[in-house]
Every structure is written in structure tokens, then in C-alpha cells.
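1. Could you work out the structure for the sequence below:
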Amino acid sequence: MNGIRAISGSRGFKVFLLLVLVLLFLIPTGMIRNIIWERKIRSMEVEEEILRSWGEEFVIQGPLLRIPCVERKEIKTRTDKGEETKIQETAFYLWTVPKELLGRTELGTEIKRRGIFSVPLFTGTVRLSGSFDSAVLEKELLPGQTAFPEKAELVITLSSQRGIRGVTAAAWNAGALEFLPGDLGFAAGQAGGIHAAAPQKQGINSFDIVLAAQGGKSLGMVPVGEDSVFEVSADWPAPSFKGAYLPVSHNLSESGFSARWEISHLSRNIPLAWKEGGTTGAENSPGNRISFGANSFGVDFFKALDQYDVNTRAVKYALLFIVIPFLSFFLFEIFLRRNIHPVQYLLAGLGNAVFYLLLLSFSEHINFGAAYLVSAASVIALTTFYSRSLLGAWGKSWIMGFIMLLCYSFLYFTLQSEDWALLAGSVGTFSMVALVMFLTRKLDWGMKPAVPAPIPDDDSVSL
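-> Down below sits the predicted model:
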């Protein structure tokens, strides 16, 4: 019996109990992580609802010229009357890309909110200008194939029909273009578009189209021209360039950004012309189209600080921030000869675990910096005042509060410096382990703690 008491009263057994408590805290931290994920999923659902009503992510492809053609073949058959010849006609389309394509996009942004959730939306103009060369017909048509360039149509595909508010201006060879809804099967997987009759003449045919566009979260484009140049400007301070091509130049400022792309047809896998339908264009039938999406590029209008991502990163450090107060109280217990009950350790750990719930709740309503300040200050104050009853003196409780202040300051720095987060976390953890090893280097872990000496209720006791 005395042996059991000796073991249960040893410092080693106390460390074992603390380790069990630390492992038990994996349960509430896992639950908090699930709550963060559920809130993020809800946020994404609300964003999608707003985007569906507004115009979704805006992706534009084109314009392309769609020219109807006919292929005539002689089919010879033998009958009782001898050999007969029939002319078989098969319709197909010849698609051609612009010889030159210049796109200029100017956007204004706003944050659309629904409850506590929000998503960045934009409105503005998309100007597409350039030219087509009719010489492509002579290169692409085979003997027996005839094109009808006077029936050609200009086609622009959009990721969503709601992404276009209207056509501000549209000209083809100095004449007006009258657009109709529908993309006439330009690109598979797209939800909408517009087309207009554009009779093609011999030589160079020019176009100049200005669209009023709207969308959210991202803008995407496809460089279909033989030589494509795109310029984008917006009043959004935190763009993220994405896709198959990065801009050749860009400018960023607090008031917005501008970017420029220059893309040659040699750097993409979209041909200058292809046939669809008929006997010669089967390889480019609607079921086996060219992959335009693989060549898309653009910019994301993402929120500079996603509170759910930052909360997820913060909760990854939760176990460490349970261990630190446990170690601090344990060292106080050793050097001040104070017995702290495991339940008191448990309550101190719960106080630090609640920090992550506070941070998540506040960050949904105020900016993350303010939410972090309120949450950390609350937990630091709680731990400081609770330490007063455990350590018996205000001076020691203030030391505990200072330790927690350093910890939460370190965590905030780590969250704000994503590129340095791993290095900062590694160095911080190493420093903490080294400090504990130094302070306990002469400690007899198997020895039963001494009977606690009375500590006066003042700040005169020093470590």
C-alpha cells in the first residue's frame, strides 16, 4: 500500500497524468476542427448561391468564326442498267481563330454579403478586337469542299449566360453586329454564349466588340488568337494570377492592379482552324472537342485573409498551447513546492482550448486581427487570475500571464507569416523543449514531492 502511495505521489506519476490529460485534449481540439470545417462548408455554399444569381465565375472564349461548308463526293454504284454516279453532299463547319486578338478588361469590384458570409463580385467591360484572314479557307479546304463565307457567324462562349449583361458596341468590317444568345456548340462543357451573323469578305475582316460583363471570384480567358494580347485592370488589391499563363507584366497597389499577357499560338495546342462534322472533321466532333479549358488563364479575386483557413492553421497548434501552460504550472509546482491537482490542470487546459472557439466566433463578425486580440486577451486574463489561486501570489500569476502573452504573440506571428510558419513553429518548439530540459536537468523524477511550504499572499517569493 505504501508502495502504491509512493508511486502515485511521485513526480513521474504526475507527469504521466499530465500526458494522459494532454492526449484527452485531442478530443475537444478535433471537435473544434470539425466545427471550423462545417462553417467553411456553409460559407462556400452561400458563396455559390450568390454566384449563381450573379453570374458565377466569368470565363470567356473567343471570338471564333464559324463558316458553313459542304463536301461533295461522287459515289459510283453498279445497277442493272450499268454504272450510275451520284453526288453525295455532306455539311460541315470550318472554325477559324483570329489572326490578331486584343482583349481589354476593366472591372470594378464589390463585396456581396449574405448574413455573415461574403463573396467578391465584379462588373465592368470586356473589349475584344482583332481580325480574321480569309486566306485560311484556301489552306484548309480540300478538293470537293466548298465554303459559304457569306453565311459565317461570329461565336463567343461564356461560362455562364448570366455573366453577360449586354453588348455595349459590336462592329464587323465597320458594320453593326446583332448578337443572339447561344454559342452554337463552340466549346463542350460551357453553359452559354452569344453569336452573330458575320459575312466574311476576301482579305482581312476586322471586329470590335464591347461586352458589359459581371461575375464573381475569378476572371478567365482563353488565348484563341494566332497572336493574343490581354490586358486586365481592376480595383482589387489582392489578385492571384492563375492558369496556363502568367502575365508578362503587372502592377499592384492598394487601389488595384493591372496585368498584361502576350501569347503566341506556338505556345498552345489550339489549331488555327479545324473542321467539325462531315467525313473529314469527325476527329473534332462534339464528343471529342479541342480542350480549350487547358489553355485558360486569368485572375482570382480572392479574399486576402480567409478566416476559416487561418482558424484551421491556428487549431493545428492547439495541442502545443495545452502543453505550454501544463509545463509552466508543473515547473511552478516543483520550484514553489505547491501541489496542483490534476483537475486544476484540466480547467487551465480547457481555458486555452476555448480560445479557438472564441477566435472562430469573433472572426466571423469582425476582422481577424481584432478577433484574435479579443480572444487571446480573454484567455490570458482568465489564466492569470486562475493562476493566482494556484500559485498563492500575484507575482507568480503575472509571470504565468506573461508566459501566455508570449505564446499567443508567437502564434499570431506564425499565422500572419505563412511562408515562415513551419520554421517559426519548429524553432519555438525546440526552444520550449530546451528550456524545460535546462530547468529540470537536476530534478529527481521519481522522488516524492516535498510537503508544500506555506507561501505568503504577496509577491515577495522568488523562483
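2. helix or strand for the nearest residue to T429 once chain neighbours are set aside, which one?
-> Among residues not flanking T429 along the chain, L320 sits closest, at 6.7 Å (C-beta to C-beta, 6 or more residues apart in numbering). All C-beta spots, glycine's among them, are computed from the backbone N, C-alpha and C. Using DSSP states H and E, L320 maps to helix 318-335.
3. and the angle from the helix or strand following that helix to helix 318-335?
-> Counting by DSSP H and E, the next helix or strand C-terminal to helix 318-335 is helix 342-363. Put simply, helix 342-363 runs at 140 degrees to helix 318-335, going by axes from the mean of the first three to the mean of the last three C-alpha atoms, to 10 degrees.
4. Checking my notes, I75 in a strand, right?
-> Yes. Looking at I75 with DSSP: H, G, I helix; E, B strand; the rest coil, it is inside a strand.
5. Provide the partner residues of it in its beta bridges.
-> K86 (DSSP bridges).
6. Verify the contact between it and T90 for me.
-> No. Using C-beta atoms under 8 Å, I75 makes no contact with T90, being 11.1 Å away.
7. In terms of packing, which of the two has more residues around it?
-> The neighbour comparison of I75 against T90 (other C-beta atoms under 10 Å) goes to T90, with 16 against 9.
8. Surely that one is in contact with E71?
-> Yes. Checked against C-beta under 8 Å, the pair T90 and E71 is within contact range at 4.8 Å.
9. for V97, phi and psi?
-> phi -100, psi 160 (degrees, to the nearest 10).
10. Now do the same for it: its pLDDT.
-> pLDDT for V97: 91.
11. Count the residues that sit near the spatially closest residue to it that is not a sequence neighbour.
-> In space, and not counting its chain neighbours, V97 is closest to V224: 4.8 Å by C-beta to C-beta, 6+ apart. Neighbour count for V224, taken as other C-beta under 10 Å: 28.
12. Extract the residue ranges of this protein that are flagged as low pLDDT.
-> For the chain, the stretches flagged by pLDDT under 70 are 1-14, 76-85, 184-191, 278-291, 303-305, 336, 418-421, 439-440, 442-463.
13. Find the centremost residue of it, please.
-> F302 (6.6 Å; C-alpha atoms, centre = their mean).
14. so how far is the helix or strand G369 falls within off the chain centroid?
-> Here G369, judged by DSSP H and E, is contained in helix 368-391. Put simply, helix 368-391 sits 33 Å off its chain's centre (C-alpha atoms, centre = their mean, to the nearest Å).
15. Report the inter-axis angle for it versus helix 318-335.
-> Going by the same axes, to 10 degrees, helix 368-391 makes 30 degrees with helix 318-335.
16. quick one: buried residues of helix 368-391?
-> Neighbour-count burial for helix 368-391 flags 368, 371-372, 374-376, 379-380, 382-384, 386-388, 390-391 (criterion: 16 or more other C-beta atoms under 10 Å).
17. next one: stretch 37-50
-> So, applying 16+ other C-beta under 10 Å, buried residues of stretch 37-50: 39-40, 43, 46-47, 50.
18. Quick one: distance of that stretch to the chain centre.
-> 13 Å.
19. How about stretch 343-351?
-> The answer for stretch 343-351 is 37 Å, by C-alpha atoms, centre = their mean.
20. what's in contact with it?
-> Residues outside stretch 343-351 that contact it (C-beta atoms under 8 Å, 6 or more residues apart in numbering) are 18, 21-22, 25, 28, 322, 325-326, 329, 379, 382-383, 386, 390.
21. which of the residues in that stretch are buried?
-> Buried residues in stretch 343-351 (16+ other C-beta under 10 Å): 344-346, 348-349, 351.
22. would you turn those residues into JSON lines with distance to G166?
-> Conversion of the buried residues of stretch 343-351 to JSON lines gives the following (distance: C-beta to C-beta, whole Å):
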{"residue": "Q344", "distance to G166": "68"}
{"residue": "Y345", "distance to G166": "66"}
{"residue": "L346", "distance to G166": "64"}
{"residue": "A348", "distance to G166": "63"}
{"residue": "G349", "distance to G166": "60"}
{"residue": "G351", "distance to G166": "58"}
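23. between the residues you listed, which is nearest T123?
-> Using C-beta to C-beta, G351 comes nearest to T123 of the buried residues of stretch 343-351, at 47.5 Å.
24. hey, C-alpha coordinates of stretch 313-322 in PDB?
-> C-alpha atoms of stretch 313-322 as PDB (Å, rounded to 0.1, in the frame of the first residue of the first chain):
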ATOM      1  CA  ARG A 313      -4.000  26.800 -39.200                       C
ATOM      2  CA  ALA A 314      -4.400  28.100 -35.600                       C
ATOM      3  CA  VAL A 315      -6.000  25.000 -34.300                       C
ATOM      4  CA  LYS A 316      -3.100  22.900 -35.500                       C
ATOM      5  CA  TYR A 317      -1.100  24.500 -32.700                       C
ATOM      6  CA  ALA A 318      -3.800  23.700 -30.100                       C
ATOM      7  CA  LEU A 319      -2.000  20.800 -28.500                       C
ATOM      8  CA  LEU A 320       1.200  22.800 -28.200                       C
ATOM      9  CA  PHE A 321      -0.800  25.500 -26.400                       C
ATOM     10  CA  ILE A 322      -2.200  22.900 -24.000                       C
END
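25. Identify the residues contacting it?
-> By C-beta under 8 Å, 6+ apart, stretch 313-322 touches 22, 25-26, 29, 32-33, 36, 349, 352-353, 355-356, 359, 407-408, 411, 414-415, 418, 421, 425, 429.
26. which other helices and strands contact the top helix by length along the chain?
-> The helix that spans the most residues within the chain, counting by DSSP state H, is helix 26-54. In terms of contacts (3 or more C-beta pairs under 8 Å, 6 or more residues apart in numbering; DSSP states H and E), helix 26-54 is packed against strand 100-114, strand 117-133, strand 204-216, helix 307-315, helix 318-335, helix 342-363.
27. Take those and write them to a markdown table, including distance to A152.
-> Converted to a markdown table, the helices and strands packed on helix 26-54 look like this (distance: least, C-beta to C-beta, whole Å):
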| stretch | distance to A152 |
| --- | --- |
| strand 100-114 | 17 |
| strand 117-133 | 9 |
| strand 204-216 | 9 |
| helix 307-315 | 49 |
| helix 318-335 | 64 |
| helix 342-363 | 55 |
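28. Looking at these, which is nearest to Q161?
-> The closest of those to Q161 is strand 204-216. By C-beta to C-beta, the value is 11.5 Å.
29. what's the spacing between T96 and T168?
-> 25 Å (C-beta to C-beta, to the nearest Å).
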